[in-house]
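Chemist: starting from these lines, generate the structure:
(chains A and B)
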Amino acid sequence: MRDKRRYVLARIEPPWEEIDAKELYLAIHEAFTSLFGDTRASEAMVAVVDCRDGHAIARCTRGCEVLLQIAMLTVHTVDGRRVALRTRATSGTMLALKRRIIEYHYPGTLQARTVEIDGDFCDAHQYQGQKVDVIAKGFKKQELLFLTENELGDVNHAATGIPDGI
Amino acid sequence: MITTDAAIHPYPSGDSSLRRMALAARELGFDSMVAVGAAAEEEVDGVRVLRGIVLSSGNQREVMGQIRKIGDGSAIIMVNAGDYSFNRAVLQMRGIHIIRHIERTHKKSFDHIMARMAADRAVAIDIDLNPLIHSRGPPRQKVLQRYLDIMRLHSRYGFFVTISSNAYSVLGQRSVRDAVLLCSLFGMEEEQVREALATIGKMRSERRAVEVVP
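Modeler: Okay, the predicted model is just below:
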């Protein structure tokens, strides 16, 4: 007999990170197993059924949705990239959650741009009006800076680096 | 009821600006947050940003000296817990609001005697969500065990409890609902979590009520 399923919708932050559904599944499954053990993980039958537009839909058996939400909260990296999963809704059907994605998603609000910080050109992503994520290429690895549009103005006007005021 | 995240670390300690973290806090359902290292108390994008100071010295004399230097009473002063005698001495000092990182100390470093002292002196014990998110296996099991012990003592002696994301990035911040879910791992009820998130607002209003203005 087929078990009843529950679907959990989560927003992926930062929304510009392109996360592979399989990698996300592995991260959620690892978090779930680490928290609740193999027995509960086998009962929950966690799966990632959709992952696009900065949102992911994960599936589990009915009764395990709270555990799945807690496990999703403890996911902090996916395939070596830092992310946060913000759970937004739980439903018995995927369709209901897909409608929610359309409600939350504002097409065209995610803009890629280049910004100049202290003479260096960095990639940046602007979304939800004033949020700007700057990808600063360091000596060894990339570093992320989470700023706002106003602060980016301050950075560009500063003679050296990021001002202390931010 | 004012909902407060008891510790966040904006730029330069973390990778996110204060304004960006305030924006995230508002979206996540907080009315205020304690920013460690913030220059002054201010309102940022509808979120009250309180100035937080962390004293991490394990020496009680140094801690006392630092409290005297800070002195103005507007900042939220937090002390990182240490061994039994240090924690006991800290609880007897004036001007300390929160003791944090109890989960990193020995099991016997916070007992029923100190729980009673914390209740009498209105000093809060912090529950840090960061190790629940970022650690795995035995270290997280130890943290969960310590939080369970703290909550047992809290239900018996009624000292204040605060909840902090201790986030160094917007990615580390968690919502009020997330805090409820994470705290359910060690048996905290939703009402207790909401009460703990409102503790700083409550402590501040109580202290303000007895403030003597010359």
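Chemist: confidence score at residue B:214?
Modeler: In this model, residue B:214 is scored at 57, pLDDT.
Chemist: beta partners of residue B:42?
Modeler: Taking DSSP bridges, one obtains residue B:49 as the residues bridged to residue B:42.
Chemist: how near is it to chain A?
Modeler: Relative to chain A, residue B:42 is positioned 12 Å away (Cβ to the nearest Cβ, to the nearest Å). The way it works is simple: take the backbone N, C-alpha and C, and place the C-beta from them, glycine included.
Chemist: and that residue, how many residues sit next to it?
Modeler: 14 (other Cβ atoms under 10 Å in any protein chain shown).
Chemist: same check, this time on residue A:49
Modeler: 14.
Chemist: spell out which helix or strand contains it, please.
Modeler: Using DSSP states H and E, the element containing residue A:49 is strand A:47-52.
Chemist: remind me which residues of the chain are low pLDDT?
Modeler: Went with chain A since none was named. A:105-108, A:138-140, A:153-166 (pLDDT under 70).
Chemist: the intended chain is chain B.
Modeler: Counting by pLDDT under 70, the low-confidence segments of chain B come to B:71-72, B:207-214.
Chemist: that one: strands as residue ranges?
Modeler: B:4-8, B:32-36, B:42-44, B:47-55, B:76-80, B:98-100, B:124-128, B:161-164 (DSSP state E).
Chemist: any idea which of the ones you listed is most buried?
Modeler: strand B:4-8 (a mean of 29; mean count of other Cβ atoms under 10 Å in any protein chain shown).
Chemist: starting at the chain centroid, how far to that strand?
Modeler: Taking the mean of its C-alpha atoms, strand B:4-8 sits 7 Å from the chain's own mean (Cα atoms, centre = their mean, to the nearest Å).
Chemist: what's that strand packed up against?
Modeler: On a contact count with 3 or more Cβ pairs under 8 Å, 6 or more residues apart in numbering or on different chains; DSSP states H and E, strand B:4-8 meets helix B:18-27, strand B:32-36, strand B:47-55, strand B:76-80, strand B:98-100, strand B:124-128, strand B:161-164, helix B:199-209.
Chemist: near chain B at all, the very next helix or strand once past the strand holding residue A:49?
Modeler: Reading on from strand A:47-52 to the C-terminus, the next helix or strand found by DSSP H and E is strand A:55-61. No: remark: strand A:55-61 sits outside contact range of chain B, by Cβ under 8 Å from any Cβ of the partner chain, the gap being at least 14.5 Å.
Chemist: what does chain A put close to chain B?
Modeler: A:13-14, A:34-35, A:66, A:69-70, A:73-74, A:76, A:82-84, A:86-87, A:130-131, A:143-148, A:150-151, A:162, A:164, A:166.
Chemist: can you flag the buried ones in those?
Modeler: Neighbour counting with 16 or more other Cβ atoms under 10 Å in any protein chain shown marks A:13-14, A:35, A:69-70, A:73-74, A:76, A:83-84, A:86-87, A:130-131, A:144-148, A:151, A:162, A:166 as buried within these.
Chemist: tell me the residues of chain B that contact chain A?
Modeler: Checking chain B against chain A by Cβ under 8 Å from any Cβ, the hits are B:10-12, B:15-21, B:23, B:132-134, B:136-137, B:140, B:169-175, B:177-178, B:181-182, B:184-185.
Chemist: ok, residue B:62 to residue B:92 distance?
Modeler: 16 Å (Cβ to Cβ, to the nearest Å).
Chemist: hang on, I meant residue B:140
Modeler: In terms of Cβ to Cβ, residue B:140 sits 32 Å off from residue B:92.
Chemist: more crowded one of these two?
Modeler: A count of neighbours by other Cβ under 10 Å puts residue B:140 above the other of residue B:140 and residue B:92, at 19 against 11.
Chemist: packing partners of the top helix by length along chain A?
Modeler: If you go by DSSP state H, chain A has its longest helix at helix A:21-44. Contacts defined by 3+ Cβ pairs under 8 Å, 6+ apart place helix A:21-44 against strand A:47-52, strand A:55-61, helix A:65-73, strand A:77-78.
Chemist: which residues touch it?
Modeler: Residues outside helix A:21-44 that contact it (Cβ atoms under 8 Å, 6 or more residues apart in numbering or on different chains) are A:46-48, A:50-51, A:56, A:58, A:60-61, A:64, A:67-68, A:70-72, A:74-75, A:77-79, A:85, B:136-137, B:140, B:185.
Chemist: just the buried members of the residues you listed?
Modeler: A:46, A:48, A:50-51, A:56, A:58, A:60-61, A:64, A:67-68, A:70-72, A:74-75, A:78, A:85, B:140, B:185.
Chemist: domain map for chain A?
Modeler: If you go by automatic domain parsing, the domain ranges for chain A are A:5-104, A:111-157.
Chemist: ok, which of those domains comes nearest residue B:109?
Modeler: For the domains of chain A, the distance to residue B:109 is smallest for domain A:5-104, at 26.1 Å, taking Cβ to Cβ.
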